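model this:
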Amino acid sequence: MNKRIVITGLGVITPVGNSVNEFWNNIINGVCGLENLVGFDEFNCPVKVAGQIKNFNPTDYGVDAGTARRSDLYCQFALAAASQAMADSGIESGKNILPERLGVYVGSGIGGINTLMREAKKLYEEGVNRISPLFVPMMIGNIAAGNIAIRYNAQGPCLPIVTACATGTHSAGEAYRAIKHGYADVIITGGAEAAVHPISIGGFANSRALSMSKNPLEASLPFDKRRDGFVIAEGAGIMVFEEMEHAVSRGAKIYAEVIGYGNSCDAYHYTAPRPDASAASKAIKEALYGIDITNKTIYINAHGTGTPLNDKTETAAIKLALGEEAAYKAIISSTKSMTGHMLGATGAVELIASALVLQENIIPPTIGLKEKDPECDLDYTPNVARRASVDISISNSLGFGGHNSCISLKRLEH
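Predicted coordinates:
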């Protein structure tokens, strides 16, 4: 089958905004969503900066109070972002889509860690009989997908993906393949995470993955030689992927066409990237397979975490995938410089940014980039957004375990 897939709905919950418009306006204006860590003073966390969600109330997104109480925070974020995306798309199960042709591919890198830690505390302090009967359905990593399917009567394929920091991108890529091969007509897809918690902060910090900066403006520094780690963040990004003819027939607004997806594994180390960048470059090549990039303006939303190994390896992967001439012409940025690293949600949020670049012809900046690492020598759009008419927009995600993923987009051409 040669079905074409488009994006018809967007929704976000992020440290720089809890709506698509707020998120987009803030990232193109270089607004930093990172702040001093709040809420965990008693733990004396070694990390002082995080990307936390602000002014969030799930009932503002049609999530009833009872469902919110029975949902971990990551699931609340997912439901809120899905509410935005579905309203934006105009899709309604049973009206303009058959329930069995509507699917959900929403994952989480970690899942309900807040619920897990709360109930573990009960176990050790109060005993096994005090554990909530809702512990398991609130904690498990598939429940956001399940609850979104329940809310929207999506009876088609439902696949929660877990690939650490590549989760959101892999979820979208697998949704693309499912529609392309005829398993669904519409899929709600993306990722959600709420892991800003002392146990995850402690784990990442003790493995030297997190920035130790106390200044939010100097903590997430992708591609800068001063970088010392990523900034942990939380949120959700949800999109509606739709078979093109189905979308056109109902007059849907179309943000972009999904034109490729790459999926590879480093098979090298559980946290460090493969040094030669060969596997990461393969994912980018697969996402661009069959696409003529000659004389095309390419935007890359880089994984760009701000860790010493990631940024130089991703730079090498881009050069291997595109060839050096095209790599130096590509326009790149890391929106993690503003949002922090939302783990399982980050790939979906960054794919949303990549789609909006095609719509708006504006490149979000990489803020804080003052001293470029000599090994990171491409065009990363330092500090200030700029206008550019982009032909192809791609988003990279690289996860612990060696999981690499990339999705490519373009404007719809009938």
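
all contacts plus neighbour counts: C-alpha atoms, from now on.
Noted.

pull the number of nearby residues for Asn301.
Applying the criterion other CA atoms under 10 Å, we find 27 residues in the vicinity of Asn301.

before we move on, what about Asn57?
Neighbourhood size, Asn57 [other CA under 10 Å]: 14.

do Phe56 as well
Using other CA under 10 Å, Phe56 has 15 neighbouring residues.

SS state for it?
With DSSP: H, G, I helix; E, B strand; the rest coil as the basis, Phe56 sits in coil.

next one: the one 10 residues further on
With three-state DSSP as the basis, the three-state label of Gly66 is helix.

averaged pLDDT, stretch 25-34. What do you get?
Taken as a whole, stretch 25-34 carries a mean pLDDT of 98.

in that stretch, what's buried?
With burial defined by 16 or more other CA atoms under 10 Å, the residues of stretch 25-34 counted as buried are Asn26, Ile27, Ile28, Gly30, Val31, Cys32, Gly33, Leu34.

what packs against the longest helix along the chain?
Ranked by residue count, the top helix of the chain under DSSP state H comes out as helix 73-89. The elements that helix 73-89 packs onto, with contact taken as 3 or more CA pairs under 8 Å, 6 or more residues apart in numbering; DSSP states H and E, are strand 5-13, helix 143-152, strand 186-193, strand 235-243.

could you dump that helix to PDB, C-alpha only?
Listed in PDB are the C-alpha atoms of helix 73-89, where the atom choice follows Å, rounded to 0.1, in the frame of the first residue of the first chain:
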ATOM      1  CA  LEU A  73       0.500  12.900  36.600                       C
ATOM      2  CA  TYR A  74       2.100  11.600  33.400                       C
ATOM      3  CA  CYS A  75      -1.300  10.300  32.400                       C
ATOM      4  CA  GLN A  76      -3.000  13.600  33.200                       C
ATOM      5  CA  PHE A  77      -0.500  15.400  31.000                       C
ATOM      6  CA  ALA A  78      -1.200  12.900  28.200                       C
ATOM      7  CA  LEU A  79      -5.000  13.300  28.500                       C
ATOM      8  CA  ALA A  80      -4.600  17.100  28.400                       C
ATOM      9  CA  ALA A  81      -2.400  17.100  25.300                       C
ATOM     10  CA  ALA A  82      -4.700  14.600  23.600                       C
ATOM     11  CA  SER A  83      -7.700  16.800  24.400                       C
ATOM     12  CA  GLN A  84      -6.000  19.700  22.500                       C
ATOM     13  CA  ALA A  85      -4.900  17.500  19.600                       C
ATOM     14  CA  MET A  86      -8.300  15.900  19.100                       C
ATOM     15  CA  ALA A  87     -10.200  19.200  19.300                       C
ATOM     16  CA  ASP A  88      -7.700  20.700  16.800                       C
ATOM     17  CA  SER A  89      -8.200  17.800  14.400                       C
END
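
buried residues, stretch 38-58. List them.
Of the residues in stretch 38-58, Cys45, Pro46, Val47, Lys48, Val49, Ala50, Gly51, Gln52, Ile53, Pro58 count as buried by neighbour count, 16+ other CA under 10 Å.

turn the helices and strands packed on helix 73-89 into CSV, columns for mean neighbour count, mean pLDDT and distance to Val106.
Listed next are the helices and strands packed on helix 73-89 as CSV, based on neighbours: other CA atoms under 10 Å; pLDDT from 0 to 100; distance: least, CA to CA, whole Å:
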stretch, mean neighbour count, mean pLDDT, distance to Val106
strand 5-13, 29, 98, 13
helix 143-152, 22, 98, 5
strand 186-193, 34, 98, 5
strand 235-243, 31, 99, 8
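
got JSON lines for the ones you listed, with distance to Glu257 too?
As requested, the helices and strands packed on helix 73-89 are exported to JSON lines (distance: least, CA to CA, whole Å):
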{"stretch": "strand 5-13", "distance to Glu257": "4"}
{"stretch": "helix 143-152", "distance to Glu257": "23"}
{"stretch": "strand 186-193", "distance to Glu257": "14"}
{"stretch": "strand 235-243", "distance to Glu257": "9"}
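
closest one to Leu412 among the ones you listed?
Among the helices and strands packed on helix 73-89, the nearest to Leu412 by CA to CA is strand 5-13 (7.7 Å).

direction included, what does that closest one pair up with?
Each strand that pairs with strand 5-13, with its direction, by DSSP bridges: strand 235-243 (antiparallel), strand 256-265 (antiparallel).

and the next element down the chain from the longest helix of the chain?
If you walk from helix 73-89 toward the C-terminus, the next helix or strand you reach (DSSP states H and E) is strand 102-107.

could I have that next one exported to PDB, CA atoms only?
Once side chains and other backbone atoms are set aside, the C-alpha atoms of strand 102-107 remain, and they are given as PDB (Å, rounded to 0.1, in the frame of the first residue of the first chain):
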ATOM      1  CA  LEU A 102      -9.100   5.000  15.200                       C
ATOM      2  CA  GLY A 103      -5.900   3.900  17.100                       C
ATOM      3  CA  VAL A 104      -3.700   5.200  19.900                       C
ATOM      4  CA  TYR A 105       0.100   5.000  19.900                       C
ATOM      5  CA  VAL A 106       1.200   6.900  23.100                       C
ATOM      6  CA  GLY A 107       4.200   5.900  25.200                       C
END
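
what sits up against that strand?
Residues from elsewhere that reach strand 102-107 (CA atoms under 8 Å, 6 or more residues apart in numbering): 93, 141-142, 144-146, 148-149, 154-162, 167-168, 171-172, 174-175, 184-192, 238, 344-345.

quick one, the helix or strand following that strand and helix 73-89 angle?
In the C-terminal direction, the helix or strand that comes right after strand 102-107 (DSSP H and E) is helix 113-126. For helix 113-126 against helix 73-89, the angle between stretch directions is 150 degrees (axes from the mean of the first three to the mean of the last three CA atoms, to 10 degrees).
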